[in-house]
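**Student:** Next comes the sequence, and after it the predicted model I'd like to discuss.
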Number of protein chains: 2
Amino acid sequence: MNRCQVCAVSVVVLLVASAAQGSDKKSVDSLLAADAGWMKVFSAKDLEKSVGYCEQDGSVLGPNAPIATGREAITKMFSGFFALPNLDITWQADKADVARSGELGYTSGTYRMTFTDPTGKTVSDKGKYVTVWDKQKDGSWKVARDIFNTDLPAAGTP
Amino acid sequence: MNRCQVCAVSVVVLLVASAAQGSDKKSVDSLLAADAGWMKVFSAKDLEKSVGYCEQDGSVLGPNAPIATGREAITKMFSGFFALPNLDITWQADKADVARSGELGYTSGTYRMTFTDPTGKTVSDKGKYVTVWDKQKDGSWKVARDIFNTDLPAAGTP
């Protein structure tokens, strides 16, 4: 083999080695940044930006409701959510993983929220979530699936 | 280049091409089979096999309870579940995706369950789930994260 051929083979071997290595910190950090970015626009009740984090055919699987698939259904769901009086919501990922191939990942963590119910009482909730993310062609992460539920006992539980 | 060198380069190029292609049907089918296999042992209330589908440090994020992480906590959660009188549960994935690198994937779908409450009344529930799976060194899929919630209105909702 001449030097050019050796060089070409080396590049290809490096590409394979790169594809075979575990999810790197940079990928996980970019996913955690997307998770935090989504939380920021959601807690600010920015409807357009919040929905914009979801893929065109993404789904939000909220409790006490059927699956909302697609941006129209998700817009309706988030609108109802943002209409809760004095809504205050934050979440924090405590786990994230990205596939070695870099285009699929998930975050998981806990949320806390409060709002005022129709009687004027402050309702406090806390729970957990899993969000599955697809990396887009432009390098951004978008939500493929988001699901959450409460830690609190069901109403009426003794 | 001699024939041997051409052959070696071709193999490496094919490996790169393979790593770069989208999640193949075979990977997705193997993940759907794992999802269905887990449902089978779970609906049969086989505690050991049901917990055995979860990774050692896997988490089940059930509604109205804190996160259960690790097999001891998951065993406790599933034991309580299987103790529900006349529990009948099934689920069905309607979406599955596997990363191109083949080691991370998720399934999502709907569940239906019934059980008898302490007053003798049959309780019916239906809802949805997302399960994140990691492929193990032996080629099997294990649960990294499982989360679900009900479609039904919260108790006390008008």
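**Tutor:** Happy to help now that I have it.

**Student:** Tell me where chain A has strands.
**Tutor:** Along chain A, the segments classed as strands by DSSP state E run A:54-61, A:68-69, A:88-98, A:104-116, A:122-135, A:141-150.

**Student:** between these, which one is nearest to B:Thr110?
**Tutor:** Counting by CB to CB, B:Thr110 lies closest to strand A:54-61 out of the strands of chain A; the figure is 9.7 Å. Backbone N, C-alpha and C define where each C-beta goes, glycine included.

**Student:** CSV for the strands of chain A, including distance to B:Thr150?
**Tutor:** Formatted as CSV, these follow (distance: least, CB to CB, whole Å):
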stretch, distance to B:Thr150
strand A:54-61, 11
strand A:68-69, 15
strand A:88-98, 20
strand A:104-116, 18
strand A:122-135, 13
strand A:141-150, 9
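
**Student:** mind checking which of these is nearest A:Ser27?
**Tutor:** A:Ser27 sits nearest to strand A:88-98 of all the strands of chain A, at 4.1 Å, using CB to CB.

**Student:** coming back round to it: possible to save the strands of chain A as TSV with distance to chain B and mean neighbour count?
**Tutor:** Formatted as TSV, those follow (distance: least, CB to the nearest CB, whole Å; neighbours: other CB atoms under 10 Å in any protein chain shown):
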stretch	distance to chain B	mean neighbour count
strand A:54-61	5	19
strand A:68-69	10	18
strand A:88-98	7	18
strand A:104-116	4	20
strand A:122-135	5	20
strand A:141-150	4	22
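
**Student:** Out of the ones you listed, the one nearest B:Val132 is which?
**Tutor:** B:Val132 lies closest to strand A:104-116 among the strands of chain A, at 5.2 Å (CB to CB).

**Student:** Just give me the residue right at the centre of chain A.
**Tutor:** For chain A, A:Thr131 is the residue whose C-alpha lies nearest the centre (CA atoms, centre = their mean; 4.0 Å).

**Student:** In contact with that residue: list those residues for me.
**Tutor:** A:Asp35, A:Trp38, A:Tyr106, A:Thr107, A:Ser108, A:Val143, A:Arg145, A:Asp146, A:Ile147 (CB atoms under 8 Å, 6 or more residues apart in numbering or on different chains).

**Student:** Would you agree the first one is in contact with A:Ala93?
**Tutor:** Think A:Asp35. Yes - judged on CB atoms under 8 Å, A:Asp35 makes contact with A:Ala93 at a distance of 4.8 Å.

**Student:** what residues are shared contacts of those two?
**Tutor:** A:Thr107, A:Gly109.

**Student:** ok, now which ones touch whichever residue of chain A sits closest to chain B?
**Tutor:** Proximity of chain A to chain B (CB to the nearest CB) peaks at A:Ala99, 3.1 Å away. Contacts for A:Ala99 (CB under 8 Å, 6+ apart) come out as A:Ser23, A:Gly105, B:Ala99, B:Arg100, B:Ser101, B:Glu103, B:Leu104.
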